[in-house]
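Peer 1: Here is my input; please provide its structure:
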Amino acid sequence: MPIRKLEFRGINRNHLGMYFEELGGELITDSFPYIYKADSWSGEILEEAEISFTAVFKVNTVQIRFIAEDEETLSELIKKYRFKTTRIGG
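Peer 2: Numbering: from 1, shown residues only. Below is the predicted model:
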């Protein structure tokens, strides 16, 4: 079973969970690690923290683990998930 861990910054943990649900995952747990399961994959929101770049500029960081039945499913899941987390500046 392939596994990949990624970090997302500046996106609310609740939104990250909502993205798993939009991709077909069902929330299994009510606390860390938040686990979302679907037929051929699962996603885990492992932890959320805050990092400081300066005394004023702080941003949240969320660790997520993706698990799938095979490498192709994992790659497709991460591709779709990253699409949902894309932010366009302006």
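Peer 1: got the residue ranges for the strands in this protein?
Peer 2: 3-9, 26-27, 34-37, 41-52, 58-68 (DSSP state E).
Peer 1: what pairs with the first one, and is each one parallel or antiparallel?
Peer 2: Think strand 3-9. strand 58-68 (antiparallel) (DSSP bridges).
Peer 1: Let me know the outermost residue of this protein.
Peer 2: Largest separation from the mean C-alpha position in the chain: residue 55, at 27.0 Å (CA atoms, centre = their mean).
Peer 1: and that one, what is it in contact with?
Peer 2: Contacts for residue 55 were tallied using CB atoms under 8 Å, 6 or more residues apart in numbering; there are none. All C-beta spots, glycine's among them, are computed from the backbone N, C-alpha and C.
Peer 1: how about low-confidence regions in this protein?
Peer 2: Within the chain, the segments meeting pLDDT under 70 span 89-90.
Peer 1: go with 50
Peer 2: Segments of the chain classed as low confidence (criterion: pLDDT under 50) are not present in this model.
Peer 1: Great, nothing more from me.
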